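Chemist: This is a predicted model, with the sequence first.
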Amino acid sequence: MSLKIYAPTRLEGKVAIITGASSGIGYTTVEQFVGEGAKVIAAGRSGKQFELEEKYPGSVVAVKCEVSDEEQVKAMVQTCIDKFGRLDCMVANAGATGAPARFHEYENAEWDKVFDGNVKGTFYCIKYSVPHMMKQGGGSIVLVGSVSCFIHAGGSAPYAPTKGALLQMTKQAAHQYIHDNIRVNICCPGIVDTPIFNGAPGGVAVATGDIPLGRPGRPEEISPFIAYLASDESTFATGASFLIDGGQCS
């Protein structure tokens, strides 16, 4: 079953960047934002985000971006300013999972790759979006974390540590920019039926046993909440974490 729940004017006039837009939660969130009236820079690595530009001409501009590359993130943000003139919301959704291996089995380069994709990439997204938000009087930054901000993450040794770092980055950034009217929150999905989980050993079928609701989430059950955090309906929320996990952490 596909859910399409839009508040058609909730994001009207707003401009957003959504990373990790090639698939899964990022792809669906682009559609959610467009459905609610926003203009969007859809950033990803695989190229599938260009489908969104074709599907929503005038509302979506697709770019290729590896968020662990500082110059690419800087260029992504500048493209947003050049195309749309402002930046109201940064959705830092892109990330890396890492191989299902224990700490002693990880090579340094592979460990760094997960931290670069999840932590350093999010840092760059904040670093280069904040100055534009400060100039225009405010904005919203939404980090996409995981239940692994709070609990272990199965087989990948570095994954949960990086997600825990995002939780603290949310709190730190929220307090540092609170007087600039820039809100920073983190959405923490549980197991969601996306290519990342389907590609893991056992896929979502194995992981579903950990979910009290008895099924994985769907990307379209996460994207409306991200839109809420981007909107003016959530102006009293900052530095907060929001679990959407089917009861996994309950």
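Modeler: Thanks, I have the structure now.

Chemist: For this structure, list the residue farthest from the centre, please.
Modeler: H104 (29.2 Å; CA atoms, centre = their mean).

Chemist: And the pLDDT for that one?
Modeler: We have a pLDDT of 96 for H104.

Chemist: And M1, by the same measure?
Modeler: For M1, the pLDDT comes out at 46.

Chemist: for I17, helix, strand, or coil?
Modeler: I17 falls in the strand class when you classify it by DSSP: H, G, I helix; E, B strand; the rest coil.

Chemist: Once you drop chain neighbours, what's closest to it?
Modeler: Spatial nearest neighbour of I17, excluding adjacent residues (CB to CB, 6 or more residues apart in numbering): I41 at 4.4 Å. Any C-beta I mention is one placed from the backbone N, CA and C, and that applies to glycine too.

Chemist: what sits against that neighbour?
Modeler: 15-18, 60-63, 76, 79-80, 83-84 (CB atoms under 8 Å, 6 or more residues apart in numbering).

Chemist: Would you mind identifying the next helix or strand past the strand or helix carrying I41?
Modeler: Here I41, judged by DSSP states H and E, is contained in strand 39-44. Scanning forward in sequence from strand 39-44 by DSSP H and E, the next helix or strand is helix 49-55.

Chemist: just to revisit the earlier point, can you tell me which of the contacts of I41 is nearest M169?
Modeler: For the contacts of I41, the closest approach to M169 (CB to CB) belongs to I17, at 17.1 Å.

Chemist: Am I right that the closest one is in contact with M90?
Modeler: Yes. When contacts are counted by CB atoms under 8 Å, I17 is listed as touching M90 (5.2 Å).
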